[in-house]
Each structure stands twice: as C-alpha cells, then as structure tokens.
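*Asks:* Return atomic coordinates for the entry below.
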Amino acid sequence: MALHGLARFTMGVPDVDATHSYYADFGLTPLGDGRLASTDGGEQLKIVQAPRRRLEELVVAADDSDDLGRIAAALLRMGVPFTRNPRSLRAMDAGTQVTVTVEVRPRLAQHAVDPVPLNGPGTVERPNLRAPGVLRENAVRPRRLGHVVLGSTDQEASHRFFTDGIGFKVSDVVPGVAAFLRCSTDHHNVLVQSSPIPFMHHSSWQVDDVDEVGRGATRMIEGHPERHVWGLGRHHIGSNFFWYLKDP
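*Replies:* Alright, predicted model coming up:
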C-alpha cells in the first residue's frame, strides 16, 4: 500500500490552442479535448482555459482504497476538507491553490533502457566509434511526467499538506524556501517553494538520457529562440540533467 507516482495534471492557460500546439511539438501525443499523452504514462496532461497559467489539478496514483482511507483520516485530523468515493479522494492545498486528487491506479510498468557505451578516463567502452546520441534522428518523446514545481503563499503549510496529509516523503529541504517531496522512487515529484502568490513554475518530463534532453530542447528552439530559458545543465539537488523551455 503506497503512493506510486504522478498520474497526470490539468493546466489552465489563457491560450489553449497555442499551448496545446507547443506540447504536441514538445513530443506529447494529442488525444483530443486538450489531452496529451507521454509514451509510457499515457494521458498525463490536460490543457484548459484559465485567466492565467496555473496548475488546476494534480492527480497522484495510489495502490488501493486503504491508501485513500489513510489519507482521509490524516486530512480529517488536520482539518482539511476533502471529498471521497471508492476510487479517489480530492482535497485542495490552500497555499498553492492546487486541487490534489489521489486515484487508485495500477503501477506504471516501464522497460529498462539499454545502457549507452561511454568513453572516459581509464574506461573505453566505445573504441573508434562516435557516441550514438549524435547519430539519432528519431523525434524525442517524453516517456512520463517527472515532477511539478509549485509556488505557495504558505510554504510550511503546503509542506505539511503534501507530507502529513497526502503521504509524500521528504527528499531534501532548503529551510524556509523549498521542499523536495516524492511519491515514487524519483528524487522528487513535487517541489513546493515559498512565493508571494500561488503559481506553477514548471513541469518536468523524463526522457531516456542526457542526449535526448539536448536533442529535444535543440529541436524546440530551432526557429523559436524565445523558448530557451536555461540549459543544458545539471542540478546539484537531485542530480538531474535539465533544459528549461518556456511555453506560451
């Protein structure tokens, strides 16, 4: 019995059509009605109309109804309102203004990626051959949703909501600033940071390796230099490779 990952999220934006086109170009597969899918996670993003860009709903996967009962009891002790049916539970975090839905869902099965041979000091796995990443020509497709970063007007209360209430675990904390929280084996699935307004900073999508990060981002900024924000890089906390891009 446990939480086991982010299932999907709904994002509100002022321009639905432009944002939908962006994420299709990003590599997600359109499903109709503003919904898009990753290759392994299935439907993981829905885009809806809103006055400003914001995270409307975050869906977290759980193993069974016992998890819902545990969460309901915790939220009741905390005085947080919620609704529940046999397969899901919904509650809102006041600091981020995000509705979190916990759903009973099967665990996501992903096939392992074949390791890429590397050359380095003292190790030569690829003699007289180019790195395979530079030879790839296929489109980069995100395999699944990794994490979301949220701004909260009450960071400590949001931290408690996600951990004491929903059941996330703490991976790292920047005291008074941010908390890296997980509901899977990833380093973090939600990052809650202190901010003057509730907002969604970014979503992160997982690909096979650092070459796919570079190829995918390069493809996105070809002809659209305004999309580039920051990258290629690697975070100190989490150790994940990244390239930040700006959606409409």
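*Asks:* Number of residues surrounding Ile240?
*Replies:* One correction, residue 240 is Asn, not Ile. Applying other Cβ atoms under 10 Å, we find 17 residues neighbouring Asn240. For every residue, glycine as well, the C-beta is placed using N, CA and C.
*Asks:* hang on, it packs against Arg234?
*Replies:* Yes. Assessed by Cβ atoms under 8 Å, Asn240 is found in contact with Arg234 at 7.0 Å.
*Asks:* What pairs with the host helix or strand of Thr83, parallel or antiparallel?
*Replies:* Using DSSP states H and E, Thr83 sits within strand 82-85. Paired with strand 82-85 in the same sheet, following DSSP bridges, are strand 88-93 (antiparallel).
*Asks:* If you count residues, where's the longest strand of the protein?
*Replies:* As assigned by DSSP state E, the longest strand anywhere in the chain is strand 3-13.
*Asks:* avg pLDDT for it?
*Replies:* Per-residue pLDDT values across strand 3-13 average out to 98.
*Asks:* Name the residues of the next helix or strand after that strand that are buried.
*Replies:* Once the chain leaves strand 3-13, the next helix or strand it forms, by DSSP H and E, is helix 16-26. For helix 16-26, burial by neighbour count (16 or more other Cβ atoms under 10 Å) applies to 16, 19-20, 22-23, 26.
*Asks:* Of those residues, which is the nearest to Thr96?
*Replies:* Thr19 (20.1 Å; Cβ to Cβ).
*Asks:* That closest one against Val48, yeah?
*Replies:* No. In this structure Thr19 lies outside contact range of Val48 using Cβ under 8 Å: 9.9 Å.
*Asks:* Quick check: neighbours shared by the two?
*Replies:* 11, 13 (Cβ atoms under 8 Å, 6 or more residues apart in numbering).
*Asks:* just to confirm, which helix or strand has Arg77 in it?
*Replies:* helix 65-78.
*Asks:* which residues sit against that helix?
*Replies:* Identification of contacts with helix 65-78 by Cβ under 8 Å, 6+ apart yields 1-3, 62, 81-82, 84, 86-89, 91, 102, 104, 160-161, 164-167.
*Asks:* let's go with 10 Å and repeat that
*Replies:* With contact meaning Cβ atoms under 10 Å, 6 or more residues apart in numbering, helix 65-78 is reached by 1-4, 60-62, 80-89, 91, 100, 102-104, 157, 160-161, 163-167.
*Asks:* between it and strand 88-93, how big is the angle?
*Replies:* 30 degrees (axes from the mean of the first three to the mean of the last three Cα atoms, to 10 degrees).
*Asks:* I'd like the average pLDDT over helix 65-78.
*Replies:* 98.
*Asks:* Identify the residues contacting Ser152.
*Replies:* Neighbours of Ser152 in contact, by Cβ under 10 Å, 6+ apart: 93-98, 158-159, 161-162, 178-179, 192-195, 197-199.
*Asks:* can you tell me which residues contact the residue positioned nearest the centre of the chain?
*Replies:* Closest to where the C-alpha atoms of the chain average out (Cα atoms, centre = their mean) is His147, at 2.4 Å. Counting by Cβ under 10 Å, 6+ apart, His147 makes contact with 6, 180-184, 186-191, 202-206, 238, 240.
*Asks:* same thing but 8 Å
*Replies:* 6, 186, 188-191, 203-204.
*Asks:* ok, now Gly165?
*Replies:* Gly165 touches 71, 74-75, 78, 80, 91, counting by Cβ under 8 Å, 6+ apart.
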